[in-house]
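Participant: the following block contains a protein sequence and its predicted model.
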Amino acid sequence: MSTATIGFIGGGNMAASIIGGLLASGVSAANLRAGDPNSDSLQRLRELGDITTSENNGDIIPGCDVLVLAVKPQLMKVVCEQIAADVQTGKPLIISIAAGITAASIERWLGSGLAIVRCMPNTPALIRCGATGLFANSAVSEAEKALAENILSATGLALWVDTESDLDAVTAVSGSGPAYFFLMIEAIQQAGTELGLNADTANRLALQTAFGASRMALDSDVDAAELRRRVTSPNGTTQRAIEIMEEGGFRTLMSTALRGAADRSEELGRELEGE
């Protein structure tokens with residue numbers, strides 16, 4: 001990866017997080033380029049490192065080994081059609097981080113014969129604690145898969161899925177997932193104040209507890225269910241709370257919610273492709 005030239009089409013938050021991660025992992029700024037019509041976005045990227053930037057996307061494509069499509073899904077078709085000729089000349093590995101846009105659509109807009117990796121990152125990638133699912137089309141070689149994985153690993157965990165439709169499940173689990181945990185933190189904070197804690201104390205305790213539980217789960221050699229059992233003493237306070245959650249249908253609610261997110265991801269893909 002250290003010798004690959006990586007270009008970014010789009011200079012928003014996710015592009016910035018990947019570029020920042022690559023620079024932190026030792027990739028030279030000389031190997032990174034970014035195109036975006038917004039000069040402020042480009043200035044923010046240059047503050048991360050002395051990378052090459054241009055307000056004309058076509059300027060950064062020649063010579064790229066990898067091209068990361070980091071534009072909003074609604075803009076993907078227009079942007080791809082604008083850069084198609086340049087992409088076909090060099091045929092770089094294409095990495096798309098646009099939710100819902102299939103590899104087939106990208107190939108239709110950019111032209112045939114391209115190695116395309118689709119990925120679904122999440123917002124913790126901004127602090128290099130992300131979780132990303134990746135899918136490669138049949139034109140992607142093993143070396144290109146390794147390169148794509150290394151690039152996305154600069155923002156956190158990067159895992160391959162077997163089918164492109166699995167990215168809808170990735171969207172439901174990790175793409176939208178941070179919001180579920182934020183909602184739970186909100187609920188715990190509110191419950192803490194209702195029990196008599198002041199808002200600051202409830203807030204800090206909830207945040208640190210969420211952090212500590214996640215860290216324990218990440219570092220442990222047993223699964224979350226076993227960790228929960230170890231915390232739940234018979235007839236204790238935790239058991240009472242867990243029983244109330246289970247009786248309230250907590251698991252069913254989560255399953256239904258994630259199914260809704262996955263279904264909506266699939267729907268959005270169809271809507272975007274129909275534009």
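Facilitator: Structure's in. What do you need?
Participant: could you use CA atoms for every contact and neighbour count after this?
Facilitator: Noted.
Participant: in terms of secondary structure, what does the helix or strand where E271 lies contact?
Facilitator: E271 belongs to helix 250-273 when assigned by DSSP states H and E. Helices and strands touching helix 250-273, by 3 or more Cα pairs under 8 Å, 6 or more residues apart in numbering; DSSP states H and E, are helix 166-170.
Participant: distance of the residue positioned nearest the centre of the chain from P62?
Facilitator: In the chain, the centroid-proximal residue (Cα atoms, centre = their mean) is P121; its distance is 0.9 Å. Distance from P121 to P62, counting by Cα to Cα, to the nearest Å: 26 Å.
Participant: now find how far off-centre the lengthiest strand in the chain is within its chain.
Facilitator: As assigned by DSSP state E, the longest strand anywhere in the chain is strand 130-136. Distance of strand 130-136 from the chain centroid (Cα atoms, centre = their mean, to the nearest Å) equals 7 Å.
Participant: report the backbone C-alpha coordinates of that strand in CSV.
Facilitator: Taking C-alpha atoms only, strand 130-136 is exported to CSV below (Å, rounded to 0.1, in the frame of the first residue of the first chain):
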residue,chain,number,x,y,z
GLY,A,130,-14.8,2.3,12.5
ALA,A,131,-16.3,-1.0,11.3
THR,A,132,-16.4,-1.5,7.6
GLY,A,133,-17.9,-4.3,5.5
LEU,A,134,-16.4,-4.9,2.0
PHE,A,135,-17.5,-6.7,-1.1
ALA,A,136,-15.5,-7.2,-4.3
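Participant: what is that strand packed up against?
Facilitator: strand 116-120, helix 142-153, strand 156-160, helix 166-170.
Participant: could you dump those to a markdown table with mean neighbour count and mean pLDDT?
Facilitator: Formatted as a markdown table, the helices and strands packed on strand 130-136 follow (neighbours: other Cα atoms under 10 Å; pLDDT from 0 to 100):
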| stretch | mean neighbour count | mean pLDDT |
| --- | --- | --- |
| strand 116-120 | 26 | 97 |
| helix 142-153 | 19 | 96 |
| strand 156-160 | 18 | 97 |
| helix 166-170 | 23 | 96 |
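Participant: looking at those, which is nearest to E194?
Facilitator: Of all these, helix 166-170 sits nearest to E194, with 35.0 Å by Cα to Cα.
Participant: buried ones in the helix or strand just after that closest one?
Facilitator: Of the helices and strands lying after helix 166-170 in sequence (DSSP H and E), the nearest is helix 177-194. Buried positions in helix 177-194, judged by neighbour count with 16 or more other Cα atoms under 10 Å: 177, 185-186, 188-190, 192.
Participant: then stretch 229-249?
Facilitator: Buried residues in stretch 229-249 (16+ other Cα under 10 Å): 232, 239.
Participant: ditto for stretch 97-115
Facilitator: 97-103, 105-107, 109-111, 114-115.
Participant: now, which of those sits nearest V27?
Facilitator: Taking Cα to Cα as the measure, V27 lies nearest I97 of these, at 20.0 Å.
Participant: need the contact list for that closest one.
Facilitator: Going by Cα atoms under 8 Å, 6 or more residues apart in numbering, I97 touches 68-71, 118-121.
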